[in-house]
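Enquirer: any chance you can model this:
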Amino acid sequence: MSTAVPSLRQDAQVIGLVGIGHAVSHFFHLILAPLFPWLKEAFALSYAELGFLMTVFFIVSGIGQALAGFVVDRFSARAVLYFGMSCLLLSALTLSVAQNYPMLLVGSMLAGLGNSVFHPCDYTLLNKRVTGARLGHAFSVHGISGNLGWAAAPVFLAGIASIAGWRVALFAAAFIPATVLLLMVVYRDLLQTELASHDAHAVAGAPAVDLLGFMKSPAIWLCFAFFVINAMALGGIQSFSSTSLRDLYGMPLTWATTGFTAYMLASAGGMVVGGFAASRFARPERIIALALAASGVMGLLIAAAVVPALFAVVLMGGVGFGAGVAGPSRDLLIRAAAPKNATGRVYGVVYSGNDIGLAISPLLFGAMMDGSHPAWVFVLIGGFQFLAILTATRVGNDTARRNELEAQAA
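Expert: Now for the predicted structure:
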């Protein structure tokens, strides 16, 4: 492979292909949730049993994500990505023919296993195949594509289920990873990292690579904590923001749902802005701090119920915009903190914190709602945003200090 700087066209192709795969993974986050009304009736399930299907998904995804990073660094991101997409395909087919609850669990576990590979694979590919100056935009597109996957799943699945039934909806969903897998095979050269970088292989006669050495870095665990905290806020918004808005402001559920839609759309817009900001400024933790501080303040304003109901919906968009702006800088912050030769492992371990936060947060926020404390939902969301700022700032300062010491030593 040529050592020339990749062209804009090649960078755009890599970013686009990786982004499409990321959208599919987020689509499968919601492969079951939009179909709960149909599944509840078909299998006579309780809400607890339905919720456990999601818990299983995130448990498998979290454990698999931490392990997938090691496999990516040892072999190749492309091969692992093929495996993950194949698991998503198999999960949809399994769920479409499920005859009982255990089969639903197996399908959910397969979806979680497939989902587990995407962050280690995607960030390894973007970091190795995209020009450094365009990485901020690459991370922006990556985040937006995930949001689009979330947005598409309920429309696609519930729409087909209402016309042809839930089994047809799941069978139709299987064509999505099948099509993208075929696309990735056709354009497999864009996903090749073995020749793009030699850092995954030890030089002959050199000491063996310490596969777990990166786990000794406090910055990595601070990044992990950042993701757990950030995912707790996101989980609260996804699970109970609409219900909380309805109870706090006495607004119709349609208005409250519009608030969540405003969050998602503004978050996507924020990621576009965040991509430009991340490419322009050298200290990503400062962008994260400003964006999440604004987001947290708006969350607390919603909790205080001191604004009109319509303005609370607007503030939901503001919360999403701040979270979106922070996204690309967050990914650059992890990249800067990651030791050399450990990209896949670092992103795998760090992003597993996302699954942990998403698995825990519904229990915490559900307890707030069961206790008739809808305001506390937004208090906690705002509080988690401020806690995330503390971890991001510490990571940025530690990384800057490490780089300074390395420069002095050189």
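Enquirer: name the nearest residue to Tyr249, sequence neighbours excluded.
Expert: Of all residues not flanking Tyr249 in the chain, Ala309 sits nearest, at 4.1 Å (C-beta to C-beta, 6 or more residues apart in numbering). The C-beta positions use only the backbone N, C-alpha and C, and glycine is treated the same way.
Enquirer: distance of that neighbour from Ala12?
Expert: Here Ala309 is placed at a distance of 42 Å from Ala12 (C-beta to C-beta, to the nearest Å).
Enquirer: report how many residues lie close to Arg401.
Expert: Number of residues near Arg401 (other C-beta atoms under 10 Å) recorded here: 11.
Enquirer: use 869 as the first number from now on
Expert: In the new count, where the first residue is 869, that last one comes out as Arg1269.
Enquirer: may I ask which helix or strand encompasses it?
Expert: Under DSSP states H and E, the secondary-structure element containing Arg1269 is helix 1242-1277.
Enquirer: what's the domain layout of this protein?
Expert: If the domains of the chain are taken from automatic domain parsing, they occupy 876-1059, 1082-1268, with pieces of a single domain joined by a plus sign.
Enquirer: hey, which helix or strand in this protein has the poorest pLDDT?
Expert: Least confident element among the helices and strands of the chain, by mean pLDDT, DSSP states H and E: helix 1211-1238 (a mean of 79).
Enquirer: buried ones in that one?
Expert: Neighbour-count burial for helix 1211-1238, with 16 or more other C-beta atoms under 10 Å as criterion, is recorded at 1211-1230, 1232-1234, 1236-1237.
Enquirer: that one - contacts with which helices or strands?
Expert: With contacts defined as 3 or more C-beta pairs under 8 Å, 6 or more residues apart in numbering; DSSP states H and E, helix 1211-1238 has these neighbours: helix 915-942, helix 986-997, helix 1086-1117, helix 1177-1205, helix 1242-1277.
Enquirer: orientation of that helix relative to helix 1086-1117 in degrees?
Expert: Between the axes of helix 1211-1238 and helix 1086-1117, defined by axes from the mean of the first three to the mean of the last three C-alpha atoms, to 10 degrees, the angle is 30 degrees.
Enquirer: tell me the mean pLDDT for whichever strand or helix holds Ser959?
Expert: Counting by DSSP H and E, the element that carries Ser959 is helix 945-964. Summarised as a single mean, pLDDT over helix 945-964 is 96.
Enquirer: how about that helix as CSV, C-alpha atoms only?
Expert: Listed in CSV are the C-alpha atoms of helix 945-964, where the atom choice follows Å, rounded to 0.1, in the frame of the first residue of the first chain:
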residue,chain,number,x,y,z
ALA,A,945,-10.5,-4.8,12.3
ARG,A,946,-12.0,-5.9,9.0
ALA,A,947,-12.3,-9.6,9.9
VAL,A,948,-13.9,-8.8,13.3
LEU,A,949,-16.3,-6.4,11.7
TYR,A,950,-17.4,-9.1,9.3
PHE,A,951,-18.0,-11.4,12.3
GLY,A,952,-20.1,-8.7,14.1
MET,A,953,-22.2,-7.9,11.1
SER,A,954,-22.8,-11.7,10.6
CYS,A,955,-24.0,-12.0,14.2
LEU,A,956,-26.5,-9.2,13.7
LEU,A,957,-27.8,-10.9,10.6
LEU,A,958,-28.1,-14.2,12.5
SER,A,959,-29.8,-12.5,15.5
ALA,A,960,-32.6,-11.0,13.3
LEU,A,961,-33.2,-14.4,11.7
THR,A,962,-33.3,-16.2,15.1
LEU,A,963,-35.7,-13.6,16.5
SER,A,964,-38.0,-13.8,13.5
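Enquirer: any idea how far the helix or strand that it is followed by is from the chain center?
Expert: In the C-terminal direction, the helix or strand that comes right after helix 945-964 (DSSP H and E) is helix 969-983. Using C-alpha atoms, centre = their mean, to the nearest Å, we find the averaged C-alpha position of helix 969-983 to lie 19 Å away from the chain's own average C-alpha position.
Enquirer: that older thread, worst mean pLDDT among the domains of the chain?
Expert: Taking the average pLDDT of each of the domains of the chain, the minimum falls on domain 1082-1268, with a mean of 85.
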